[in-house]
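Undergrad: Sequence plus predicted model, see below.
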Amino acid sequence: MRENLSERQREILNILLNKESPITIGEISKLLDVSNKTVRNDLDRIEEFLLPYSNIKIEKKPGVGTWLYADECSRQFIKELVIKDCDYIEPWSSKERQFYIIQRLLRAPESITMQMLADELYVTRATIYRDLEDVEKWLDQYELKLNRKQKCGIEILGTESNWRKAAAEILVALKKDEGIKKVINNQQKNYDNGVKSCMDYNNVKQLIPDIDFQKIGEIIGQAEEKMGYLFSDEAFTCLLIHIAISMERLKHKKDIEMDKKQLEVIKGKKEYEIAEWIAGKIEEEFRIAIPEAEVGYISLHILGAKIQENTYLVDDITNDLLDDMDLSIVKLANEIILLIGNILSVDFTEDERLLIGLVLHLRPTINRLKYGLRIRNPLLTEIKEKYPSIFGASWAASVLFEKHFGLRVTEEEIGYIAIHIGAALERQSRKARVVVVCSSGIGTAQLIATRLKKRLQN
């Protein structure tokens, strides 16, 4: 376990934190009224204490002095970890350790020993061994394996495609503490959300260093203007993360492959043109070549993205929308509405907003299921607990996906369908005039709007 720094060592660290230029050991010894040897010993101890944090180092140069190498976020991290919290450092939970181990293994260029992980997390090797069992289960979701080599260490094995899916999941998880958003908005200099949030920022930068998230975001925003519609916040972030990971991996000669037949099919879709435009802008801005397969995967993300639409102007857009939409998707939406209506003993056939919402939702849903793209539903547990009958009825619609498209639907996708049905049920009582801004998509916004009207009658 780690030993805390002494009061004098904290003082030295505080001096380094507040110095913008190098300071000599002699100057530090005069400030603290101790010998040069004592300062050197203390600096060795501080270096040992900071060893697990790769973004934080003490630099020494003969004839120049000593200084702290750390960005603003890392300096804030040190202040909270060491200066403010002098005697006690809260240990990480098992889940937090597992999260750290996964991202550590993903960014490691070579094998890592269990002892290294134990030292970094200040736990025993036995604890790391137990954590690795859950890490292996998590990696299984992405068809990645944990390779344990005796006397060499641990590494992750799997395809480049699956590696990227796992890395994207880690970065999306960081979004909960706004780690991604801080990087996108270049706000690291004002980062003051606490130690773990700052660690999240460092994890993002370690997985994807030196990538201008803000510039990528601007390119996606321009692509939205060209398409004439907006991605949901979730879809926007996922596409940004995918592009950032692709760029980072391409820098290390880790490109991705796509089946030629699948690529030819995708090339025939209008989303491929947008993906080509995005790739061209990235090549222009970042001087990095984007292979054809990478363009194909950007297209898949656009095909599977949830979009923001104003579905309240039902009379104006119903006929145009349904005429432009694939008839098989409209047919699927109508059959889902009939099936769930029969199960719940509710007539939804006159609810055009439900039909439009489902049609808009099902097009990217089919693409996600067809191309194996995952979607995250942060409301899934709450939906299953609070609306079990709606979720159960929606789950019955899974047979229709197999019937029409030969696809197996996931719980996350069923959860979003349940949200649309829940909104329709709430609408049965009374119409509402509200404006809702919601990052999760159309169904969630409708459910929130109708429940607000129900609770706030005036």
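TA: Structure received. Numbering: from 1, shown residues only.
Undergrad: quick one: the helices in the stretch 51-200 of the chain?
TA: 72-78, 94-107, 114-121, 125-140, 160-174, 179-184, 195-207 (DSSP state H, counting those that start in this stretch).
Undergrad: which stretch among those comes nearest residue 224?
TA: Among the helices of the stretch 51-200 of the chain, helix 179-184 comes nearest to residue 224, with 15.3 Å by Cβ to Cβ. C-beta: built from backbone N, CA, C; applies to glycine.
Undergrad: before we move on, the earlier item: so which of the helices of the stretch 51-200 of the chain is nearest residue 288?
TA: Among the helices of the stretch 51-200 of the chain, helix 160-174 comes nearest to residue 288, with 16.0 Å by Cβ to Cβ.
Undergrad: Show me what that closest one is packed against.
TA: helix 94-107, helix 179-184, helix 195-207, helix 233-251 (3 or more Cβ pairs under 8 Å, 6 or more residues apart in numbering; DSSP states H and E).
Undergrad: still on that earlier bit, can I get the helices of the stretch 51-200 of the chain in CSV including mean neighbour count?
TA: Shown next, in CSV, are the helices of the stretch 51-200 of the chain (neighbours: other Cβ atoms under 10 Å):
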stretch, mean neighbour count
helix 72-78, 21
helix 94-107, 18
helix 114-121, 18
helix 125-140, 16
helix 160-174, 19
helix 179-184, 22
helix 195-207, 21
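Undergrad: got these as CSV, with mean pLDDT columns?
TA: Listed next are the helices of the stretch 51-200 of the chain as CSV, based on pLDDT from 0 to 100:
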stretch, mean pLDDT
helix 72-78, 72
helix 94-107, 85
helix 114-121, 80
helix 125-140, 90
helix 160-174, 81
helix 179-184, 50
helix 195-207, 49
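Undergrad: need these in JSON lines with distance to residue 449, can you?
TA: Converted to JSON lines, these look like this (distance: least, Cβ to Cβ, whole Å):
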{"stretch": "helix 72-78", "distance to residue 449": "38"}
{"stretch": "helix 94-107", "distance to residue 449": "34"}
{"stretch": "helix 114-121", "distance to residue 449": "45"}
{"stretch": "helix 125-140", "distance to residue 449": "36"}
{"stretch": "helix 160-174", "distance to residue 449": "26"}
{"stretch": "helix 179-184", "distance to residue 449": "25"}
{"stretch": "helix 195-207", "distance to residue 449": "31"}
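Undergrad: Relative to residue 150, which of those helices is closest?
TA: helix 114-121 (11.0 Å).
Undergrad: can I get the CA coordinates of the closest one in PDB?
TA: Coordinates of each C-alpha in helix 114-121 appear next as PDB, following Å, rounded to 0.1, in the frame of the first residue of the first chain:
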ATOM      1  CA  MET A 114      -0.200  -8.100 -12.400                       C
ATOM      2  CA  GLN A 115       2.400  -6.600 -10.100                       C
ATOM      3  CA  MET A 116       2.400  -3.400 -12.100                       C
ATOM      4  CA  LEU A 117      -1.300  -3.100 -11.900                       C
ATOM      5  CA  ALA A 118      -1.300  -3.900  -8.200                       C
ATOM      6  CA  ASP A 119       1.300  -1.100  -7.600                       C
ATOM      7  CA  GLU A 120      -0.600   1.400  -9.600                       C
ATOM      8  CA  LEU A 121      -3.900   0.700  -7.800                       C
END
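Undergrad: List the contacts of that helix.
TA: Among residues not part of helix 114-121, those counted as contacts by Cβ atoms under 8 Å, 6 or more residues apart in numbering are 51-52, 92, 97, 100-101, 104, 124-125, 127-129, 132, 153-154.
Undergrad: Settle this for me: residue 104 is touching residue 111, isn't it.
TA: No - the criterion here is Cβ atoms under 8 Å, and residue 104 misses it with residue 111 at 11.6 Å.
Undergrad: okay, and the common contacts of those two?
TA: Joint contacts of residue 104 and residue 111 (Cβ under 8 Å, 6+ apart) do not exist.
Undergrad: related to what we said a few turns ago, just curious, which of the contacts of helix 114-121 is nearest to residue 212?
TA: residue 104 (24.4 Å).
Undergrad: if I pick the closest one, what's in contact with it?
TA: Neighbours of residue 104 in contact, by Cβ under 8 Å, 6+ apart: 112, 117, 120.
Undergrad: what's the burial count for the first one?
TA: Looking back up the chat, that one is residue 112. Neighbour count of residue 112, defined by other Cβ atoms under 10 Å: 17.
Undergrad: Skipping its backbone neighbours, what lies nearest it in space?
TA: residue 153 (5.0 Å; Cβ to Cβ, 6 or more residues apart in numbering).
Undergrad: Now for the one you found, how many residues are close by?
TA: With other Cβ under 10 Å as criterion, residue 153 counts 18.
Undergrad: Adding distance to residue 46, write the contacts of residue 104 out as a markdown table.
TA: Shown next, in a markdown table, are the contacts of residue 104 (distance: Cβ to Cβ, whole Å):
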| residue | distance to residue 46 |
| --- | --- |
| 112 | 24 |
| 117 | 22 |
| 120 | 17 |
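Undergrad: which one among the residues you listed gets closest to residue 411?
TA: Among the contacts of residue 104, residue 117 lies closest to residue 411 (Cβ to Cβ), at 32.2 Å.
Undergrad: With residue 97 as the reference, measure out to the closest one.
TA: Noted for residue 117: a distance of 9 Å to residue 97, by Cβ to Cβ, to the nearest Å.
Undergrad: cool, and residue 342?
TA: Counting by Cβ to Cβ - residue 342 and residue 97 are separated by 48 Å.
Undergrad: So, low pLDDT: which residues of the stretch 1-150 of the chain?
TA: 1-4, 54, 73, 80-91 (pLDDT under 70).
Undergrad: how about a cut-off of 80?
TA: 1-7, 20, 51-56, 71-92, 107-109, 119-123, 150 (pLDDT under 80).
Undergrad: Let's check: the centremost residue of the chain is which one?
TA: residue 172 (1.0 Å; Cα atoms, centre = their mean).
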